[in-house]
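1. Quick one, fold the following:
(2 chains)
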Amino acid sequence: MTIPDGLKYGRSHEWIRTEGDSVVVGITHYAQDQLGEVVYVELPDVGSSVAVGDELGTLESVKAVSEFLAPIAGEVLEVNTRLEDEPNLVNDDPYGDGWLVKLSGSAEGEEFLDAAGYQEFLDQESA
Amino acid sequence: MHPWVGAGPEDRRHILSELGLKSIDELFASIPAGVCVDGLDLPPARDEDWIRHTLGEMASANVAMDSIPCFLGAGVYRHVQPSIVDAVLSRAEFFTSYTPYQPEISQGTLQVIFEFQTLISRLTGLDTANASLYDGATALVEAALFSHRVLRGKRDLVVVAETIHPMYRQVLDTYAEAAGIEVAVVAPGDDGRLDPDKVRRTAGDRACCVAVQSPNFLGIVEDLPQLAAAAHDGGALAVEVVTEAVSLGLLAGGGSFGFDVVCGEAQSFGVAPGFGGPHLGFFACASKHLRQMPGRLAGETVDEDGNRAFCLTLSTREQHIRRAKATSNICTNQGLMALAATVWLEAIGGSGLRELATSCLARTEELKRRVTAVGDPWRLAYPQSPTFNEFLLVGPGSGTELVERLASEGVLAGVPTTDWGGSWPDGVLVAVTERNPATDLDALVSTLEKLS
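-> The predicted structure is shown next:
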């Protein structure tokens, strides 16, 4: 179960990476492992605005559909269009090519975990 | 305990003692007294033979559809019923089973669903069809909600033709109100057909879909290519509703004309007209919108030995998994009736369906000619408009009066439009199928002459 340093983690298993005035959002290795093979990713419209906790889109695996939530408030700047044809990137490279959306805004003021904190959170959850 | 014999007094005592209860009443103590009935005033128990005889006598007071000339239609149609349909349908493997939660165990059920989807896909001209829905009315509702989802909930207007079956529109109104969707109704022109420009104006750029029925409630065939364009011009999806599925044997499904959804009622395919059902909804759409399609989808695959096998390809957005976020509140399909339709279509075959539809059309055209020849006070409401197997007849009196008068002469002339309202004449919808022999047509025409 990989949890890279340098990313921030949310308790609903999203990670975020700050890039200037925007943040990139994906789901963690743990989350993709729980979902199983992802067969379809539904992404938001570019330009739409979201508040913290809003549904950003859905991830469909062979047996279930789960939504992923906005970790920060902001505007959708970009979505990972490669996922339309290669949804498996979410499984294969969750912290890289399997990223989901890019949002304007920053993680300031929101409560996130660092890698160690997220590992601790997972340990507690599975305990 | 025996699996087929009910629990006897000894079994009940045993169950209660296991539960640590003293009486059946104690078992049901959680039901509030206020909602319990205290004794029912029922006649004494009767034996099976008495019941069969007595109910048989009561039933014989009804007029059976096949016993006199019958032209009832308006959304429910009589067609040939090959014996093989009921023979397959009544096999216990199909008749008593429900789609299991591990569906791949039921290969036969999945194969039937797969074949049903394939047949519906071919008939509608769209590349994806679901495993079926309850009936035509809920299929229309699902099409509206589907369109709302495809446009991401940004358009809250649904435009429907007034000439969609009034019962379907009632069901749509019920759902639309709860979903916060506005329904705008477009009346037909003087020829009983929709004016595409009027549809275009009503939809503007606010509608998520434009839904039309063809052949419509008045039996008239709509100009589907023009109507698809009218919907698409403002960015709405085009939805075709079909209530007489046999028409698809002769008229191309809307998918061929750019419609995004073709849905409706497939009762005509092997489901006999019943007193309130069962019916059979179908739903087909373009595969690019597959994820928003209501219900489930069976697919073909191979097992680990490479043999042809079937699986549930898509059910992840159904209610048992997605709960409140499911694509539909209908979490199943109309399995047995889908089986009836599949066997019926496979028995009739493609050329057979075309022959059947051609026969319906020919008989209807013959009856229209003969009714026109009878003349005053009888006339066709829309003599110039193309129909398939149904038309609106007007005469001396309201539709209800006419139906009563003709019934007293021994002819079930059709369904009166009297109680439905609508911007068309009050008359009788007359449906003609291959089940109406020439003698039926003679009987209706001579009765009209008599009542002239």
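
2. Which strand or helix spans the residue in the stretch 251-400 of chain B that chain A sits nearest to?
-> When scored by C-beta to the nearest C-beta, the stretch 251-400 of chain B has B:T316 as its residue closest to chain A, at 4.9 Å. Heads up, the C-betas are built off the backbone N, CA and C, glycines and all. In the assignment (DSSP states H and E), B:T316 maps to no helix and no strand.

3. State the number of residues packed around it.
-> When neighbours are defined as other C-beta atoms under 10 Å in any protein chain shown, B:T316 has 22 of them.

4. burial measure for the nearest residue to it once chain neighbours are set aside, as a count.
-> Residue nearest to B:T316 in three dimensions, not counting chain neighbours: A:V65, with 4.9 Å by C-beta to C-beta, 6 or more residues apart in numbering or on different chains. As a burial measure, A:V65 scores 21 neighbours (other C-beta under 10 Å).

5. B:G234 too?
-> B:G234: 19 neighbours (other C-beta under 10 Å).

6. quick one: pLDDT of it?
-> Looking at B:G234, its pLDDT is 96.

7. Now the residue nearest to B:T316: phi and psi?
-> A:V65 adopts backbone torsions of phi -120, psi 130, taken as degrees, to the nearest 10.

8. right, and it touches B:R322 too?
-> Yes. Distance between A:V65 and B:R322: 5.8 Å, which falls inside the contact criterion (C-beta atoms under 8 Å).

9. re earlier: pretty sure the residue of the stretch 251-400 of chain B closest to chain A contacts A:E60?
-> Yes. Using C-beta under 8 Å, B:T316 makes contact with A:E60 at a distance of 5.6 Å.

10. and the gap between A:H13 and A:V24?
-> 15 Å (C-beta to C-beta, to the nearest Å).

11. show me what contacts B:S385?
-> B:191-193, B:218, B:220-221 (C-beta atoms under 8 Å, 6 or more residues apart in numbering or on different chains).

12. Write the PyMOL selection for whichever of those are buried.
-> Applying 16 or more other C-beta atoms under 10 Å in any protein chain shown to the contacts of B:S385, the buried members can be selected in PyMOL as follows:
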select buried, chain B and resi 192+193+218+220+221
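
13. So which of the contacts of B:S385 belong to strands?
-> Members of those lying in strands (criterion: DSSP state E): none.

14. And the residue of chain A found nearest chain B, how close does it get to B:A228?
-> Distances between chain A and chain B by C-beta to the nearest C-beta are smallest at A:V65, namely 4.9 Å. Distance, A:V65 to B:A228, by C-beta to C-beta: 31 Å.

15. before we move on, what about B:D303?
-> From B:D303 to B:A228 the distance is 41 Å (C-beta to C-beta).

16. Am I right that A:V76 falls within a strand?
-> Yes. Assessed with DSSP: H, G, I helix; E, B strand; the rest coil, A:V76 lies in a strand.

17. Tell me the buried residues in the helix or strand bottoming out on mean pLDDT in chain B?
-> Of all helical and strand segments in chain B, the minimum by mean pLDDT, DSSP states H and E falls on helix B:319-322, at a mean of 71. Neighbour-count burial for helix B:319-322, counted by 16+ other C-beta under 10 Å, picks out B:319, B:322.

18. Secondary structure class of the residue nearest in space to the middle of chain A, three-state.
-> Chain A has A:G26 as the residue nearest its centroid, 2.5 Å off, counting by C-alpha atoms, centre = their mean. Applying three-state DSSP to A:G26 yields a three-state assignment of strand.

19. Relative to A:G10, how far out is the closest residue in space to it that isn't next to it in sequence?
-> Take A:G26 and drop its neighbours on the chain: the residue closest to it by C-beta to C-beta, 6+ apart is A:W99, 4.4 Å away. A:W99 sits 15 Å away from A:G10, going by C-beta to C-beta.

20. what mean pLDDT would you report for the lengthiest helix in chain A?
-> The single longest helix within chain A, with elements called by DSSP state H, is helix A:115-126. On average, the pLDDT along helix A:115-126 is 89.

21. Which positions within that helix qualify as buried?
-> For helix A:115-126, by 16+ other C-beta under 10 Å, it's A:115, A:118, A:121-122.

22. and what of stretch B:196-207?
-> Buried, per 16+ other C-beta under 10 Å, within stretch B:196-207: B:196, B:199-200, B:202-203, B:206-207.

23. Kindly present the residues you listed as TSV, with separate columns for secondary structure.
-> Shown next, in TSV, are the buried residues of stretch B:196-207 (three-state DSSP):
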residue	secondary structure
B:P196	helix
B:V199	helix
B:R200	helix
B:T202	helix
B:A203	helix
B:R206	coil
B:A207	strand
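
24. of all those, which two lie farthest apart?
-> Distances among these were taken as C-beta to C-beta; the most separated pair is B:P196 and B:R206, at 17.3 Å.

25. end to end, how far does stretch A:79-89 reach?
-> Taking C-alpha to C-alpha, to the nearest Å, stretch A:79-89 runs 14 Å from one end to the other.

26. returning to that earlier point: with pLDDT and distance to chain A as extra columns, can I get the buried residues of stretch B:196-207 in CSV?
-> As requested, the buried residues of stretch B:196-207 are exported to CSV (pLDDT from 0 to 100; distance: C-beta to the nearest C-beta, whole Å):
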residue, pLDDT, distance to chain A
B:P196, 98, 30
B:V199, 98, 27
B:R200, 97, 25
B:T202, 97, 26
B:A203, 97, 22
B:R206, 96, 18
B:A207, 97, 19
